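Engineer: attaching a predicted model along with its sequence, questions to come.
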Amino acid sequence: MAHGIVTPVWAPTGIALAALVLFGPSLWPAVAIGALVANATSGASVPVAAGIAVGNTLEAVVGAALLRRVDFRPSLDRVRDVAALVVLAAGASTAIAATNGVTVLWVSGNLSDSYASSWFLWWSGDAMGDLVAAPLLLVWLSAPFWKPRVAEIVEGIALLGVLAGLSWFVFLHGYWHYPHLLFPLLVWASLRFYQRGAVTSSFVVAAFAIAGAINGSTPLGGSSTTEVVQIEEGLLAAVLVSLLILGAVLSERTAAERTLEHEREIFAEAQAVAHIGSWEWNIAADRISWSEELFRLYAQERAPEMSSAWYLEQIHPEDRRRIERRILRALGDTAPFSFEHRVIGDNGTPRWIQVQGHVVVDAAGDPVRMVGTAQDITETKRLHELRETIVVSVSHELRTPLTSIIGFAQTLRERGADLDEATRTEMVRNLVEQAIRLQLLLSDLLDLDRMRHGLLPPSFRPTDVGALVANVAARQAEQGRQIGVHAEPVVADVDAAKVERIVENLLANAVKHTPPGTDVIARVERGHGFVMIAVDDRGLGVQEEEREAVFELFTRGYSHDGVPGAGIGLSLVAQFAAVHGGRAWIEDHPGGGASFRVRLPLHQEAGQATAAG
């Protein structure tokens, strides 16, 4: 020791390093002033203290700069952070202060020992400051700040008290032969509290150990107090670094587990959105594992034993044998496979599942696992069936009038001169009727396509809805079917062309499903802020469970399967009503039959009406 300047443990080194790392290099003047004061009050003259302070300041500045260059985290939650602190700060930067300080003492004639031994003592003292004091400040003052639970606070205080008491017993009362008693507590602190536990427990033990070495309670065989402290420093350094590495490894493992759990949550959410799940079958153990989404797809709870037999039981009985044969074939040829089957959903209705997978084989080519995915394709199946229904329905609806038109046209061309006037007139009437029917169908299809692409915006204008309905009914009369009209003169902001299509489709639907000679009545009534259009018929009516479905595209209801139609007209009625901010529905007609009703607002919003006009 040289006038108290060269010491075996110099805590201000660690404090200065922590300050510059946590709060930035702009604090270097404070470090310089602190070093000057500490050195001056330790017995050195002001010039010597100033010279030494230069090295102390450079040591902290260079150490912090080196740590920043390697993306150092003050929380020490990575092994690389611990390595950087030990090598760059405690190992490298402390050499600056040791070289500068010992040189200043040697030049000023204040060096009482050899240059080499003094340099090593200075370096080791500063290094211990970086290993004991710096980690404590870095970990506890780095964000995010710890918010412990009450149980953790109680456990931490109890552990700290026991550790302090046992350290006092070992290092200050002559029982230094039993330091191993402290190791379980140090490991416990690291396991339970990670780096906070590691740095706090190591600081407490180091403080008692150094105090015991200084007052002679821990005679480790050295000829002087300085040698004893240096020997103890070597032992403590190994323990401190080991605890820091242990805390970092635990922190990295916890971070990896959290990342993995987060990725699992994202994966599970993605599977839930896509209605797709993953599975694995350990063939030798006959054990199946599913992702969470598969349990939802199959409407099953987790089972303690999930085997291949259990899986086959989840499949629709009519598909079970086929799927079993397909799995056996995949085991035989070990080629990628895909199959579809049904399961019974929560509400008892079948759902379609598509399974894809491949076989994993060992070095000998024997199958050991099957892995793959399963996806709910019920909607895809439904759309496919709907597409087929559309093609069949539309083809039939187009073929019927086209066949009539072609037949009548060919007859008129080949035999027209031989037919009497009445027959020719009847044929022409049928030609016109079938052509109009074909035109309406094509118009409906065209309107559906335009609405799907947003190419049919509404154009609202004040319109006498009663007169509009009467005109449409009159056109029906020209085609040979009388329509009764009870219409009030109600003026509303509507798109006249779309309301005409609503009335045309409602009347066409009523005529189609009403026996000849029975009444079809069109009504227009004013309500409070709305106008109601109703078409009443005397047909078979619509069953309660079908009254919403018939307004869906290509849906006609079971009670009307024998009646021609594509299921387009009523869908357009509902869509055109929705465009107006209204709705369409069905009620029973008091005298038998059905009453199809559309409710439209009398007035549209000012912006809509202006834009339309």
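Structural biologist: Done, it's in. Numbering: from 1, shown residues only.

Engineer: mind checking the SS state of residue 75?
Structural biologist: Of the three states, residue 75 takes coil under DSSP: H, G, I helix; E, B strand; the rest coil.

Engineer: wait, what's in contact with the closest residue to it other than its chain neighbours?
Structural biologist: Of all residues not flanking residue 75 in the chain, residue 142 sits nearest, at 4.6 Å (CB to CB, 6 or more residues apart in numbering). Every residue, glycine included, has its C-beta placed from N, CA and C. The contact partners of residue 142, by CB atoms under 8 Å, 6 or more residues apart in numbering, come to 22, 73, 74, 75.

Engineer: residue 502 too?
Structural biologist: Taking CB under 8 Å, 6+ apart, we find residue 502 in contact with 533, 572, 573, 576, 577, 584, 598.

Engineer: if you set the cut-off to 6 Å instead, what comes out?
Structural biologist: Residue 502 makes contact with 573, 576, 598, according to CB atoms under 6 Å, 6 or more residues apart in numbering.

Engineer: so it sits in a helix?
Structural biologist: Yes - Residue 502: assigned to a helix according to three-state DSSP.

Engineer: ok, back up a step: give me the buried entries from the contacts of residue 142.
Structural biologist: Buried members of those, scored by 16 or more other CB atoms under 10 Å, are 73, 74, 75.

Engineer: how about the second one, phi and psi?
Structural biologist: To tie it back to what came earlier, the one meant is residue 74. Per-residue torsions, residue 74: phi -60, psi -20 (degrees, to the nearest 10).

Engineer: circling back: closest to residue 103 among the contacts of residue 502?
Structural biologist: Comparing these against residue 103 with CB to CB places residue 576 closest, at 95.3 Å.

Engineer: mind listing which of the contacts of residue 502 are in strands?
Structural biologist: residue 598 (DSSP state E).

Engineer: turn the contacts of residue 502 into TSV, columns for distance to residue 241 and pLDDT.
Structural biologist: Below are those laid out as TSV (distance: CB to CB, whole Å; pLDDT from 0 to 100):
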residue	distance to residue 241	pLDDT
573	81	86
576	79	84
598	82	93
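
Engineer: which one of the contacts of residue 502 sits closest to residue 496?
Structural biologist: Distances from residue 496 to those, taken by CB to CB, are shortest for residue 576, at 11.4 Å.

Engineer: how far away is the closest one from residue 134?
Structural biologist: Separation of residue 576 from residue 134 (CB to CB, to the nearest Å): 76 Å.

Engineer: before we move on, what about residue 285?
Structural biologist: Plainly put, residue 285 is 52 Å away from residue 134 if you go by CB to CB.

Engineer: strands of this protein, residue ranges please.
Structural biologist: Secondary structure of the chain, counting by DSSP E: strands at 276-282, 287-290, 337-344, 350-361, 367-376, 461-464, 484-487, 491-494, 520-526, 530-537, 583-588, 594-601.

Engineer: so which of these gets nearest residue 181?
Structural biologist: Proximity to residue 181 (CB to CB) singles out strand 287-290 among the strands of the chain, at 45.8 Å.

Engineer: can you list contacts of the closest one?
Structural biologist: 279, 280, 281, 306, 311.

Engineer: and the pLDDT at the closest residue to the third one other than its chain neighbours?
Structural biologist: Distance criterion CB to CB, 6+ apart; nearest residue to residue 281, sequence neighbours excluded, is residue 370 at 4.2 Å. What the model reports for residue 370 is a pLDDT of 94.

Engineer: which of the contacts of residue 142 sits closest to residue 54?
Structural biologist: Scanning these for proximity to residue 54, where the rule is CB to CB, the winner is residue 22, at 22.7 Å.

Engineer: top of the contacts of strand 287-290 by number of neighbours, please.
Structural biologist: Counting neighbours by other CB atoms under 10 Å, the top entry in the contacts of strand 287-290 is residue 281, with 23 neighbours.

Engineer: now it: how far from residue 427?
Structural biologist: Distance from residue 281 to residue 427, by CB to CB: 69 Å.

Engineer: same check on residue 73?
Structural biologist: From residue 73 across to residue 427, the span is 92 Å (CB to CB).

Engineer: likewise for residue 314?
Structural biologist: As judged by CB to CB, residue 314 and residue 427 stand 62 Å apart.

Engineer: so for the biggest helix by length in the chain, mean pLDDT?
Structural biologist: Using DSSP state H, we find that the single longest helix of the chain is helix 225-274. Average pLDDT, helix 225-274: 82.

Engineer: ok so, going back, in a markdown table, list the strands of the chain along with distance to residue 543.
Structural biologist: Shown next, in a markdown table, are the strands of the chain (distance: least, CB to CB, whole Å):
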| stretch | distance to residue 543 |
| --- | --- |
| strand 276-282 | 37 |
| strand 287-290 | 40 |
| strand 337-344 | 26 |
| strand 350-361 | 23 |
| strand 367-376 | 30 |
| strand 461-464 | 34 |
| strand 484-487 | 25 |
| strand 491-494 | 31 |
| strand 520-526 | 20 |
| strand 530-537 | 15 |
| strand 583-588 | 10 |
| strand 594-601 | 10 |
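
Engineer: closest one to residue 402 among the ones you listed?
Structural biologist: Per CB to CB, nearest to residue 402 of the strands of the chain: strand 520-526, 27.0 Å.

Engineer: what pairs with the closest one, parallel or antiparallel?
Structural biologist: The pairing partners recorded for strand 520-526 under DSSP bridges are strand 484-487 (parallel), strand 530-537 (antiparallel).

Engineer: pick the most buried one from those strands.
Structural biologist: Of those, the one with the most neighbours on average (mean count of other CB atoms under 10 Å) is strand 530-537, at a mean of 22.
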